[in-house]
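S.K.: Any chance you can model this:
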Amino acid sequence: MRLPVLAGLAVLMIGLAVWSTRSLTATPPDTVHLEELTWVEVRTLVQHGHTVAIVPTAGLEQNGPHVVLGKHGYVVRHTADRIARALGNALVAPVMNYVPEGSIDPPDGHMRFAGTISIPEPVFADVLEATARSLRAHGFTLIALLGDSGGNQATQAAVAEALNAEWAGTGATVLHVGDYYAANGQADWLVAEGESHASIGGHAGIRDTSELMAVYPDGVRAEMVRPGGGRYPEPTGVSGDPTRASVARGEKMLALKIEAALAQINAVLAQ
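M.R.: Next up, the predicted model:
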């Protein structure tokens with residue numbers, strides 16, 4: 001009698017295991033954002049080849065009197081979404097909004113303007129590293145650091161270099177997608193459109209304002225748009241001439257960023 005009982009139990013256990021496996025298989029919704037997925041859906045996507053993770057970094061900083069503090073976050077969430085969908089095998093981590101923005105005491109850089117939040121560069125580096133390690137542990141093999149702010153670039157590059165040295169030969173790679181920010185052709189395109197480097201500016205000018213107009217128009221205070229005069233001149237915090245911004249220019253600026261990022265990521269994937 002023991003053998004039939006044991007055999008029956010074995011069949012029951014196999015059946016339960018099969019049922020359990022099927023019950024934890026999911027058809028993911030139409031999103032590429034980790035925060036909008038369950039852990040089961042993420043596991044399913046990774047098992048089916050979604051092994052690229054995009055880590056967007058932004059900032060909470062002054063952008064003149066006409067653009068909201070969260071500009072970088074709105075922009076990079078949009079671009080990361082489009083990059084991931086274009087790749088077809090990528091998911092997007094939540095946007096990192098807390099990044100280095102200058103000394104807190106005494107305040108300098110963007111910290112001289114109300115609402116900016118800054119963290120030390122070593123803290124930012126630690127968060128990036130822990131994020132990359134977490135994603136690698138879940139099966140992601142290419143972790144792409146996508147920084148929408150100039151102050152994020154050097155730390156991202158350093159973290160990528162250190163982790164790649166440690167992970168050499170393991171099949172996991174960290175990529176600082178520097179071309180997205182520094183080699184996207186935006187300034188050249190605007191010059192070809194008749195702008196000067198002075199009118200383009202470096203912060204809260206044509207590019208920043210146009211990009212936000214394209215992805216989150218409520219984040220631009222049209223009545224407060226004024227030309228700047230230098231790098232963060234008090235009291236405006238504007239460099240360049242945002243009065244020359246437009247939705248059409250914003251769409252072009254975003255497309256240039258996305259194209260630059262895709263080219264750099266695809267080059268790594270092709271290796």
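
S.K.: all helices of the protein, in order?
M.R.: 2-23, 39-47, 71-87, 121-137, 153-166, 179-182, 186-192, 197-200, 206-215, 247-269 (DSSP state H).

S.K.: Next, the angle helix 121-137 makes with the second one.
M.R.: It stands for helix 39-47. Here the directions of helix 39-47 and helix 121-137 differ by 80 degrees (axes from the mean of the first three to the mean of the last three C-alpha atoms, to 10 degrees).

S.K.: Okay, buried residues for helix 39-47 please.
M.R.: By neighbour count on 16 or more other C-beta atoms under 10 Å, the buried set for helix 39-47 is 41, 42, 43, 44, 45, 46. Yep, even glycine has a C-beta here, placed from its N, CA and C like the rest.

S.K.: any chance of those in CSV, with pLDDT and distance to residue 139 too?
M.R.: Formatted as CSV, the buried residues of helix 39-47 follow (pLDDT from 0 to 100; distance: C-beta to C-beta, whole Å):
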residue, pLDDT, distance to residue 139
41, 96, 13
42, 97, 9
43, 96, 8
44, 95, 11
45, 96, 10
46, 97, 4
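
S.K.: Of all the helices of the chain, which one comes closest to residue 65?
M.R.: Within the helices of the chain, the stretch nearest residue 65 is helix 206-215; the backing value is 11.6 Å (C-beta to C-beta).

S.K.: And that closest one, what does it pack against?
M.R.: helix 71-87, helix 186-192, helix 197-200, helix 247-269 (3 or more C-beta pairs under 8 Å, 6 or more residues apart in numbering; DSSP states H and E).

S.K.: And the contacts of that helix?
M.R.: Identification of contacts with helix 206-215 by C-beta atoms under 8 Å, 6 or more residues apart in numbering yields 63, 66-68, 71, 74-75, 78, 186-187, 190, 195, 199-201, 219-220, 225, 240-242, 244-247, 249-251, 253-254.

S.K.: I'd like the helices of the chain as CSV, with distance to residue 111 appended.
M.R.: Shown next, in CSV, are those (distance: least, C-beta to C-beta, whole Å):
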stretch, distance to residue 111
helix 2-23, 51
helix 39-47, 36
helix 71-87, 16
helix 121-137, 14
helix 153-166, 17
helix 179-182, 21
helix 186-192, 26
helix 197-200, 25
helix 206-215, 18
helix 247-269, 26
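
S.K.: Nearest to residue 145, out of the ones you listed?
M.R.: helix 153-166 (4.2 Å).

S.K.: counting contacts, what elements does the closest one pack onto?
M.R.: The elements that helix 153-166 packs onto, with contact taken as 3+ C-beta pairs under 8 Å, 6+ apart, are helix 121-137, strand 142-147, strand 173-176.

S.K.: Output the contacting helices and strands for the longest one.
M.R.: Contact analysis of helix 121-137 by 3+ C-beta pairs under 8 Å, 6+ apart lists strand 52-57, strand 142-147, helix 153-166 as its packing neighbours.
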